[in-house]
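Trainee: Mind folding the following:
(one chain, ligands or ions: 1)
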Amino acid sequence: MAIVISGKELAKNKKMKMKEEVEAYSSLYGRFPHLAVVLVGEDPGSMSYVSGKEKACSEIGILNTTIRKESTISENELLEIIHTLNSDDRVDGILVQLPLPGHIHTESIIQAIRKDKDVDGFHKENVASLYLKQPGIISCTPKGIIELLDSIEYPIEGKRACVLGRSNIVGMPVSKLLLDRNATVTICHSKTKNLASITKEADILVAAIGKPKFVTADMVKDGAVVIDVGVNRDIDTNKLCGDVDFEQVKTKAEYITKVPGGVGPMTICCLMENTIECFLKHVKE
Ligand code: NAP
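Mentor: The predicted structure is shown next:
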């Protein structure tokens, strides 16, 4: 039976350490880190993600400003908000909660955020830094996944990793991070043929496709580490569930993450880490 890697526990411990560090910042640097979050509209999922970020900030002692705007806001008005936050020396991190309403060009908004305040790591210069192995801000979910593997001291080097999904937010960056740790990585997508024949070979299986309970026991190698990124609603129970059929796969895997309580808390934890990194860069400049 698999050991559950608890992102919730790991995030809790990391946040406690961050809190201790942040407490000293006021006397060391004269202020605390500050994260600005922009929330457009009233999408329930986005509102819940934003309140999770507010809660984490207050637990650690990071200042948080959430700017709430109606979904009718124009792209120019939103850009104006970003420009103001970019030039505000007391703001270290800027995050625009996605998705944005259809009339707003998401890419233009992301690229407008100053790259040294882009705590989500979505700005093209931060994405490029990841691929060029240069210093930059690494996006939170991929970073959190690697931290989960490191928390069990899993020897990534030389292992076969299979990543299901090739999005710019999860699949591609986590594949690059695994490659940088010397895993041999196969990236699968919706056009991949004989998917199970590939997943069954993987020592590390990362599922990031957004399909409830898609990964079944017959797709998993005995003793694999299975990281479930998906956030879905179970069709039968309407409860949150991942891309992995947890009850089935836990009998095959050696380690597994659960939804909720796995990757999600680590994403928020890494957002806090990124905010602190940006703050330290700003105060030391
Ligand atoms: P996305 O942009 O929709 O990408 C989904 C990927 O899955 C695509 O690359 C797609 O392939 C692939 N895919 C779809 N059906 C497939 C299938 N049957 N077999 C193999 N691959 C398939 O999604 P995302 O933003 O990466 O997010 C993925 C999931 O992770 C979602 O459930 C999302 O809510 C969750 N998520 C969680 C966190 C967290 O913090 N826990 C953070 C981000 C995302 P194609 O490229 O061929 O279309």
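Trainee: Compute the number of surrounding residues for P101.
Mentor: 15 (other Cβ atoms under 10 Å). For every residue, glycine as well, the C-beta is placed using N, CA and C.
Trainee: residues in contact with the residue lying closest to it once chain neighbours are set aside?
Mentor: Closest residue to P101 apart from its sequence neighbours, by Cβ to Cβ, 6 or more residues apart in numbering: S71 at 4.7 Å. By Cβ atoms under 8 Å, 6 or more residues apart in numbering, the residues touching S71 are 40-42, 101.
Trainee: and the nearest residue in space to K239 that is not next to it in sequence, what are its phi and psi?
Mentor: Excluding its sequence neighbours, the residue lying closest to K239 (Cβ to Cβ, 6+ apart) is R233, at 7.2 Å. Here is the backbone geometry of R233 (degrees, to the nearest 10): phi -100, psi 130.
Trainee: Need the pLDDT of R233.
Mentor: On pLDDT, R233 comes in at 94.
Trainee: Ok, E285 next?
Mentor: With respect to pLDDT, E285 has a value of 86.
Trainee: mind checking how far it is from A112?
Mentor: Distance of E285 to A112, computed by Cβ to Cβ, to the nearest Å: 21 Å.
Trainee: Tell me if I'm right that F32 and G61 touch.
Mentor: Yes - in this structure, F32 is within contact of G61 by Cβ atoms under 8 Å, at 6.0 Å.
Trainee: What is the neighbour count of the nearest residue to V229 once chain neighbours are set aside?
Mentor: Of all residues not flanking V229 in the chain, A208 sits nearest, at 3.9 Å (Cβ to Cβ, 6+ apart). Residues within reach of A208, counting by other Cβ under 10 Å, total 26.
Trainee: Which residues of the stretch 151-285 of the chain lie near the ligand?
Mentor: 164-167, 169-171, 188-192, 195, 208-211, 229-232, 263-264, 267 (Cβ under 6 Å from any ligand atom).
Trainee: Ok, the stretch 1-150 of the chain next?
Mentor: Checking the stretch 1-150 of the chain against the ligand by Cβ under 6 Å from any ligand atom, the hits are T141.
Trainee: which residue does the stretch 1-150 of the chain bring closest to the ligand?
Mentor: As assessed by Cβ to the nearest ligand atom, the ligand sits closest to T141 within the stretch 1-150 of the chain, at 4.1 Å.
Trainee: Report the contact partners of that residue.
Mentor: Contacts of T141 (Cβ under 8 Å, 6+ apart): 169-170, 174, 229, 263, 266-267, 270.
Trainee: Secondary structure element holding it?
Mentor: T141 belongs to helix 140-151 when assigned by DSSP states H and E.
Trainee: Just the buried residues of the very next helix or strand once past that helix, please?
Mentor: Downstream of helix 140-151, the first helix or strand assigned by DSSP H and E is strand 160-164. Buried residues in strand 160-164, defined by neighbour count with 16 or more other Cβ atoms under 10 Å: 160-164.
Trainee: pLDDT added to these, as CSV?
Mentor: Converted to CSV, the buried residues of strand 160-164 look like this (pLDDT from 0 to 100):
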residue, pLDDT
R160, 98
A161, 99
C162, 99
V163, 99
L164, 98
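Trainee: Return the member of the residues you listed nearest to E147.
Mentor: Taking Cβ to Cβ as the measure, E147 lies nearest A161 of the buried residues of strand 160-164, at 15.5 Å.
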